[in-house]
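[1] Pasted the sequence and its predicted model underneath.
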Amino acid sequence: MPRPEDEVLQELVEKALAGDRVAFSDIVRKLMKPVVAFTYRMTQERESAVDLAQEVFLSAWQNLKSFRGDSRFESWVFAIAANKTINFLRSRANHPTEQIDERQVDPADTGNPERDLVQKELREDVFAFMATLPEKQRLVFDLRFYKHMSFDEIARATGKAAGTVKTNYREAVKKLRGFAAAKGWR
Amino acid sequence: MMNCSECRDELLLRVGQAEPLPSGLRDHLNSCDECRKIYQELKVNCERLGNDTDFVPDGLTEEQFVAAVERRIERVRPSRVTWVAWRRYVPVVAAILIVFAITLLGYRELRIEHDNGVVQTADTLVSDGLLWTLYDQEINDFDDEFFNLILSDFVIDRYFDAGEQLLDDLSEEELQYLQENFNVGEIL
């Protein structure tokens, strides 16, 4: 059964498919946070994350007609995001001088300094753990763990076999255990 | 019943997801302390890691972001979108043009060949003087209107299907009239 937010998104997609730019901007508003969060975790660079996320939406608009509706629209957008991010990471790996070594974790701003500190620590942990994963495991882990995409959806999005995707996820979770043990999480 | 190895494999795939664990896995966890301990540990790790799912860079506002996306769309719309949209049709259009050109050239060749044949036929008729003889000598025996019709048909079509069309265009009655009064085979 489709979730109410999926139905709203579906209506916006239909309008956007008819050329409605305002509807597309509403889609961008709805998906902006998860897409930017994804590119941010993957790249761990503020500027690159925002730039990539904008590229994702531009590409989604340009290729909107190719969305056939056989998957959730959100998954389709994340498939674009996954491809763009992988290309970006490869290009960054090939041009190490452009790489920014320092991770830029922004502090949270909840209005409660104590809570902000805890949030900041959590974000640093997320970044630190993601940084331990190779590119493919990081991608699969993020799409499964944070985006709750099914293994089949991830396989379609990344062009990998579902078995390979499961192996990548399993390996990533094993590493999470090791990371947590090293950090002393209880 | 699931064994420990299968259970841990499944846990690694299912941990951190909202869906409830399958009954086989739950049964094993209920009966195995070691696997239950690993499950609890993984659950804590995932809860900690998934606590702040959608954090975005500080200072990034929704409106700024949407405006930036809109600007990018505006920037690429006139050139790239049009070319990308039409580029896929280029091979199809080229193929249609090639087929059309080949057909046209072939038709022209055939037409020239055909016309040359007809001109030769008509010229032979003229050079033999048969029709002109017919015109000069027998004109008085014809009904003017009928003969003019035959002659105009011939002149119009002289360089096309002259002889054949001359006969094709005649009604049965006219043809019979011609056959009775002239040697049609000789004319053609």
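    That came through fine. The model shown is predicted, which means the values in this text are computed figures rather than measured ones.

[2] does the residue most central in space within chain A sit in a helix or strand, and which one?
    Taking CA atoms, centre = their mean as the criterion, A:F38 is the residue nearest the geometric centre of chain A, at 2.4 Å. If you go by DSSP states H and E, A:F38 is part of helix A:21-43.

[3] Following that helix in sequence, what is the next regular element?
    Immediately after helix A:21-43, counting by DSSP H and E, sits helix A:46-62.

[4] List the residue ranges of chain B that fall below the pLDDT cut-off.
    B:77-85, B:114-169, B:183-188 (pLDDT under 70).

[5] Around chain A, which positions in it sit nearby?
    Residues of chain B lying near chain A by CB under 8 Å from any CB of the partner chain: B:9, B:12-13, B:15-18, B:41-42, B:44-46, B:48-60, B:62, B:65-66, B:68-70, B:72-73, B:76, B:80-81, B:84. (Each C-beta comes from the backbone N, C-alpha and C, glycine too.)

[6] Drop everything from those that is not in helices and list the rest.
    Per DSSP state H, helices hold the following members of the residues of chain B next to chain A: B:9, B:12-13, B:41-42, B:44-46, B:48-49, B:62, B:65-66, B:68-70, B:72-73, B:76, B:84.

[7] Can you tell me which of those are classed as buried?
    For these, a burial check counting by 16 or more other CB atoms under 10 Å in any protein chain shown picks out B:12, B:41-42, B:45-46, B:48-49, B:65-66, B:68-70, B:72-73.

[8] show me the contacts for the nearest residue to B:N3 once chain neighbours are set aside.
    Excluding the flanking residues, the one nearest B:N3 by CB to CB, 6 or more residues apart in numbering or on different chains is B:H28, at 7.9 Å. Listed by CB atoms under 8 Å, 6 or more residues apart in numbering or on different chains, the contact partners of B:H28 are B:M1, B:M2, B:N3, B:C4, B:C7, B:C35.

[9] Where does chain B get nearest to chain A, residue-wise?
    Across chain B, no residue is closer to chain A than B:D58, which sits at 3.2 Å (CB to the nearest CB).

[10] do stretch A:63-83 and chain B meet at all?
    No: Stretch A:63-83 stays clear of chain B (CB under 8 Å from any CB), getting no nearer than 8.9 Å.

[11] got the contact list for that stretch?
    Residues from elsewhere that reach stretch A:63-83 (CB under 8 Å, 6+ apart): A:6, A:9-10, A:13, A:16-17, A:24, A:27, A:31, A:34-35, A:38-39, A:52-53, A:56-57, A:59-60, A:139, A:143, A:147, A:149, A:153, A:156-158.

[12] from those residues, which are also near chain B?
    Okay, of these touching chain B (CB under 8 Å from any CB), that's A:P34, A:A53, A:F57.

[13] can you list the weak-confidence ranges in chain A?
    Of all residues in chain A, those with pLDDT under 70 make up the ranges A:1-3, A:95-110, A:186.

[14] And it, what are its domain boundaries?
    Split into domains by automatic domain parsing, chain A comes to A:1-100, A:112-186.

[15] Just the buried residues of the host helix or strand of A:L12, please?
    Assigned by DSSP H and E, A:L12 falls within helix A:4-17. Under the neighbour-count criterion of 16+ other CB under 10 Å, helix A:4-17 has A:L9, A:L12, A:V13, A:K15, A:A16 buried.

[16] which one of those residues sits closest to chain B?
    A:A16 (11.3 Å).

[17] Surely the closest one and A:K30 touch.
    No: using CB atoms under 8 Å, A:A16 makes no contact with A:K30, being 11.6 Å away.

[18] which one is A:Q10 nearest to, not counting chain neighbours?
    A:F73 (6.8 Å).

[19] Now do the one you found against A:N63, distance only.
    A:F73 is 12 Å from A:N63, where distance means CB to CB, to the nearest Å.

[20] higher neighbour count, those two?
    A:F73 (20 against 12; other CB atoms under 10 Å in any protein chain shown).

[21] Now for the residue nearest to the centre of chain A: which residues touch it?
    Taking CB under 8 Å, 6+ apart, one finds A:A53, A:F78, A:A81, A:T85, A:D142, A:L143, A:Y146, A:K147 in contact with A:F38.

[22] And the helix holding A:F38, what's buried?
    So for helix A:21-43, counting by 16+ other CB under 10 Å, buried means A:23-28, A:30-43.

[23] so how far is it from its chain's centroid?
    Remark: helix A:21-43 is offset 10 Å from the chain centroid, using CA atoms, centre = their mean, to the nearest Å.

[24] Equivalent analysis for stretch A:150-161, please.
    14 Å.

[25] Quick check: phi and psi at B:D54.
    phi -110, psi 50 (degrees, to the nearest 10).

[26] residues in contact with it?
    Contact analysis of B:D54 by CB under 8 Å, 6+ apart lists A:K33, A:P34, A:A37, A:Y146.
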